[in-house]
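Participant: Everything below, folded, please.
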Amino acid sequence: MSAKNTPNQFHRQSFDLASFFFSGLTGLATALILGILAVILINVTWHGWEGISLRFIISGTDQDMFDVNKAGVLPMIVGTSARVILMTIFVIPVGVITAIYLTEYANPISVYTRVIRGAVNNLAGVPSIVFGLFGLGFFIGFVGGEMDALFYPDSDEPVWGKPAILWASMTLAVMTLPVVIVATEESLKSIAPGLREASLALGATKLQTVVKVVLPQALPGILTGGILSISRAAGEVAPILFTGAAYYMSGYPTGPTDQFMDLGYHVFILSTQSPNIEQTRPILYATVLVLLLLTFTLNIVAVLVRAKMRRGMRQSH
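Facilitator: Numbering: from 1, shown residues only. Take a look at the predicted model:
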């Protein structure tokens, strides 16, 4: 039989114009996004580097925050790091427990489960300024006010019912809760069902299976949700505007009821309240650069922790 008549011969595929067009369009969109990101980073680094100095990073502002020779951002770095760390402590346990319930225990077709999922999806689309107003009304006005009425009934000054780093962190935790829930759910769903079945077949309870088998396997995905929540919360200003950020403080927050200075809020102050915007511009760009570096540092630390856990899990197997 000749090659011409061979039934399994390969045929040259015709050129697919539509596939080529949409592949090129996707690549162009990706290149455009990366280009915009590169322009932003180069612009901030170029203008901010001249304002960066050791004194600027390790000192505060005792007199004039709009003076290039006197300004410092250490209180803002401490405040931003503290509220992000507190937010992570609050949001990860609640988000993980919620995701475990939805994935491992809840009936997927029940009305109650659909309501919870709808609430999580809607929460992800709420503007950040609304979370700030929510934190002001619920955490400060209701929770803090009730705590003052219970523990300090004779005090004229509010102790808990005022803006504080605690309420700002909890407001950010509510805002980033959908990110952690969705990331944890996806991680839990990726665990092979055979691992759960083997654990149950050996006599383990449902709770023991979740704690001893499922959660360790899903831990890298849970940390991914934590990294995403840090990335979103580090630069947010609107949720902390009413709940804890201070225009100016001479010191650092020492307790959960103290206010704090924040890099993002400081950028807002520098860009809107300066009497001489040209004089303040180097400080503004330098503060933005410090905020970006701090955000990258927090993310890198979380990524390294996740990578170490993954290596440990592979070695244990």
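Participant: and residue 306, what does it touch?
Facilitator: Contacts for residue 306 (C-beta atoms under 8 Å, 6 or more residues apart in numbering) come out as 220, 223-224, 227. Heads up, the C-betas are built off the backbone N, CA and C, glycines and all.
Participant: Which PyMOL command selects the buried ones in those residues?
Facilitator: Buried residues among those (16 or more other C-beta atoms under 10 Å), as a PyMOL selection:
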select buried, resi 223+224+227
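Participant: for the contacts of residue 306, which one is nearest residue 175?
Facilitator: residue 227 (15.7 Å; C-beta to C-beta).
Participant: give me every residue that touches the closest one.
Facilitator: Neighbour list for residue 227: 299, 302-303, 306 [criterion: C-beta under 8 Å, 6+ apart].
Participant: before we move on, back to that, which among the contacts of residue 306 gets closest to residue 112?
Facilitator: residue 224 (27.5 Å).
Participant: Quick check: buried residues in the host helix or strand of residue 45?
Facilitator: Residue 45 is part of helix 17-48 when elements are defined by DSSP states H and E. Buried positions in helix 17-48, judged by neighbour count with 16+ other C-beta under 10 Å: 44, 47-48.
Participant: tell me which residues of stretch 248-259 are tucked away?
Facilitator: Neighbour-count burial for stretch 248-259 [16+ other C-beta under 10 Å]: 249, 253, 257-259.
Participant: what distance separates that stretch from the centre of its chain?
Facilitator: 22 Å (C-alpha atoms, centre = their mean, to the nearest Å).
Participant: That stretch: end-to-end distance?
Facilitator: 10 Å (C-alpha to C-alpha, to the nearest Å).
Participant: Which residues does it contact?
Facilitator: 60-62, 65, 75, 78-79, 82, 159-160, 162-166, 244-246, 260-261.
Participant: ok, 6 Å please
Facilitator: Outside stretch 248-259, the residues that touch it by C-beta atoms under 6 Å, 6 or more residues apart in numbering are 75, 78, 163-166, 244, 246, 260-261.
Participant: between these, which is nearest residue 101?
Facilitator: Nearest to residue 101, judged by C-beta to C-beta, of these is residue 166 at 25.9 Å.
Participant: can you tell me which helix or strand that closest one belongs to?
Facilitator: For residue 166, the element it lies in under DSSP H and E is helix 165-189.
Participant: Kindly report the same for residue 217.
Facilitator: helix 215-234.
Participant: so what's residue 178 up against?
Facilitator: 120, 123-124.
Participant: Likewise for residue 59?
Facilitator: 72, 74.
Participant: by contact count, what packs against the helix holding residue 45?
Facilitator: Using 3 or more C-beta pairs under 6 Å, 6 or more residues apart in numbering; DSSP states H and E, the elements in contact with helix 17-48 are helix 277-316.
Participant: Just the buried positions in the helix it packs on, please.
Facilitator: So, applying 16+ other C-beta under 10 Å, buried residues of helix 277-316: 280-292, 294-295, 298-299, 302, 306.
Participant: quick one: that helix to helix 215-234, angle?
Facilitator: 180 degrees (axes from the mean of the first three to the mean of the last three C-alpha atoms, to 10 degrees).
Participant: what does the average pLDDT come to for helix 277-316?
Facilitator: Averaged over helix 277-316, pLDDT sits at 82.
Participant: Just want the angle from that helix to helix 17-48.
Facilitator: Going by the same axes, to 10 degrees, helix 277-316 makes 120 degrees with helix 17-48.
Participant: That'll do, ta.
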